[in-house]
Structures are given as structure tokens and as C-alpha cells.
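# sequence-free structure coming up:
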């Protein structure tokens, strides 16, 4: 995915020559953004801004372009640059470990995720990592092997990740409850109910994403699941996107009112490596 912006090396690798590039610039088919980098007329505006700043689109900005779920609050442009460019200005995102070259305008998911560990809160990074693993069908060990560098901080965060999480809100709820000492079962299968997002003792938590829309079929299915849960002496609680992102204090109070804080405080949930 080049977003309409390519380096000279990328263009030459596509069988173009420097003479071709000069002709395309004269005809308006390409614009030279900075030395060695060219943009098409319909180039992505955020990638163009990153190129003009002197780096690649990375970190949270790149994760969004790759379709990774990113919590709200990360609207600024995130750009990674080479070590030389970092010396000229201080508003670049920095990878842990040794700086990597800028070969393409959009950083890969592993590079962007490693970069984001310094720009995001811990719980938000975990939600993004969960999103990456779930969408790619990989587990924590595989994600760790893909990252260009794993700092001690990233390694600690990976211990709190879980590839089974089906949504960012589910990841946030799971991690918040884990930090409060709760043992949380992830995606457990309940007889006559099916898989639920999270389970704390008798409490079943279903976490809606922002894109969730309740059709008549979904409405009927959810009510049947709730009925079957109650028949087994279980309690079903449905959390909306707003409940998790903007009303967590009140939501947590309701969860604590149902669960006895000491009853389910066991070890952290087991995850597959």
C-alpha cells in the first residue's frame, strides 16, 4: 500500500528510469515531494504530510491506514523518520532499538505497532495488538516474532494481550478488570448460549463495538441468549461502546455491584503463547 507516494527506488524497481520520472513530473503525473520521493495527484493527504515532514506514516496513523482498531484520542499525525532526520526536529515517533531505514511511505503493521508503544497508553496499545492478532489469526508469540524490536516495556504489555478478543472494547474491559485483580474468562462457550465475550463467575459481559448495529435478527438472537443465560442462573450484561470508552467509572460500579470483589480475584487469564 503506497497511498500514492513512492520513493525513487520503488519507482525504478517498477521498470521506470530517471528520464521517465523527469517526464512524468513535467507532465504533472508525479510531483517531487522531497528529494527521492514522488506523489501522484490523488495521493493520500496524511501520507503526503508525512512525506513533506521527512519521514514515513507510522505509529497510530499507520495502524489506522491498515484497518487496525484504534481507540479515540489519537488524531494527530504520527511520523517516523531516519536517525539523521530525527536530529533536525523532535516531533517524530521513535522506534525502540536501532532506527530502521525509510523504504516506503507507510510502515508495516509490526513496525507501526512497535512505534506506537511509546505514543499510546498501555491499555490502548494492548487493544491494538489484540486487533492485529485477531484479524491476522496469530497468537502472542507470532506477533512478538514479527515486531522489529521488543523492549522490556513491550514484552510486559504482550503478557496482557489476548488474540481471542473480538473487539477493542472487549480488550479494554478485559485488561481493566485484570488490573483490578479479577480472573476473566475470554470467549468462553456457554451451553445453549454460545460464546460470550467475557465471563466473571456468574456474570457474562458482551461488549459492543462502535460499528455494531442491531438488526431484528440480532435483537432476537441476543434476547434468546439472555434468556438461556438466566435459565442457567447466569447474569448477562451488555456494554455499549460509550459505556466502555466514556462511562467506565459508572459501568465498573455496576459490575462491582453484581460481583463480589474477593470472589473472582484469582490469577490473570491464561493466554495461548
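Received it, and whenever you're ready, just let me know what you need. Keep in mind that this is a model prediction, so the values were computed, not measured.
# and the strands in the stretch 101-250 of the chain?
185-186, 189-190, 194-195, 198-200, 203-207, 235-239 (DSSP state E, counting those that start in this stretch).
# need the contact list for the one residue sitting closest to the centre of the chain.
Nearest to the mean C-alpha position of the chain, by C-alpha atoms, centre = their mean, lies residue 128 at 2.2 Å. By C-beta atoms under 8 Å, 6 or more residues apart in numbering, residue 128 lies in contact with 63, 68-70, 113, 116, 120, 168. All C-beta spots, glycine's among them, are computed from the backbone N, C-alpha and C.
# quickly name whichever of those residues is closest to residue 78.
residue 116 (7.7 Å; C-beta to C-beta).
# the closest one contacts residue 125, doesn't it?
Yes - between residue 116 and residue 125 a contact is recorded at 6.0 Å, counting by C-beta atoms under 8 Å.
# in helices only, show me the contacts of residue 128.
Judged by DSSP state H, these include 63, 113, 116, 168 as members of helices.
# dump those residues to a markdown table, plus distance to residue 190.
Below are those laid out as a markdown table (distance: C-beta to C-beta, whole Å):
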| residue | distance to residue 190 |
| --- | --- |
| 63 | 33 |
| 113 | 32 |
| 116 | 34 |
| 168 | 23 |
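# for the chain, just list every one of the helices.
Going by DSSP H, the chain shows helices at 8-13, 18-26, 45-53, 59-65, 83-86, 109-116, 122-136, 140-146, 152-158, 168-179, 216-231, 241-245, 248-258.
# which one, of the ones you listed, ends up nearest to residue 102?
helix 83-86 (8.2 Å).
# rank the helices of the chain by pLDDT, which is bottom?
Per-stretch mean pLDDT for the helices of the chain is lowest at helix 83-86 (a mean of 63).
# can I get the helices of the chain in CSV with distance to residue 189?
Converted to CSV, the helices of the chain look like this (distance: least, C-beta to C-beta, whole Å):
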stretch, distance to residue 189
helix 8-13, 47
helix 18-26, 57
helix 45-53, 41
helix 59-65, 31
helix 83-86, 49
helix 109-116, 30
helix 122-136, 17
helix 140-146, 21
helix 152-158, 26
helix 168-179, 16
helix 216-231, 12
helix 241-245, 23
helix 248-258, 21
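# out of these, nearest to residue 101?
helix 83-86 (9.5 Å).
# mind listing what's buried in stretch 124-135?
Buried residues in stretch 124-135, counted by 16 or more other C-beta atoms under 10 Å: 124-134.
# scratch that, stretch 192-201 is what I was asking about
193, 196-200.
# can you give me the end-to-end span of that stretch?
The first and final residues of stretch 192-201 sit 17 Å from each other (C-alpha to C-alpha, to the nearest Å).
# go on, stretch 108-125?
So stretch 108-125: terminal residues 16 Å apart, C-alpha to C-alpha.
# give me the buried positions along it.
108-117, 119-120, 123-125.
# among the residues you listed, list the two that are farthest apart in space.
108 and 123 (23.4 Å).
# look up the pLDDT of residue 210 for me, please.
66.
# for residue 96, same thing?
90.
# next, count neighbours for the nearest residue to it once chain neighbours are set aside.
Nearest non-adjacent residue to residue 96, counting by C-beta to C-beta, 6 or more residues apart in numbering: residue 151, 4.0 Å away. Per other C-beta atoms under 10 Å, the neighbour tally for residue 151 reads 15.
# where's residue 151 relative to residue 82, distance?
20 Å (C-beta to C-beta, to the nearest Å).
# any chance of the strands of the stretch 101-250 of the chain in TSV, plus distance to residue 51?
Listed next are those as TSV, based on distance: least, C-beta to C-beta, whole Å:
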stretch	distance to residue 51
strand 185-186	40
strand 189-190	48
strand 194-195	44
strand 198-200	42
strand 203-207	38
strand 235-239	40
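# now the ones you listed in JSON lines, with distance to residue 157 and mean pLDDT?
What follows is the strands of the stretch 101-250 of the chain, written out as JSON lines (distance: least, C-beta to C-beta, whole Å; pLDDT from 0 to 100):
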{"stretch": "strand 185-186", "distance to residue 157": "17", "mean pLDDT": "96"}
{"stretch": "strand 189-190", "distance to residue 157": "28", "mean pLDDT": "88"}
{"stretch": "strand 194-195", "distance to residue 157": "25", "mean pLDDT": "86"}
{"stretch": "strand 198-200", "distance to residue 157": "19", "mean pLDDT": "94"}
{"stretch": "strand 203-207", "distance to residue 157": "20", "mean pLDDT": "92"}
{"stretch": "strand 235-239", "distance to residue 157": "23", "mean pLDDT": "90"}
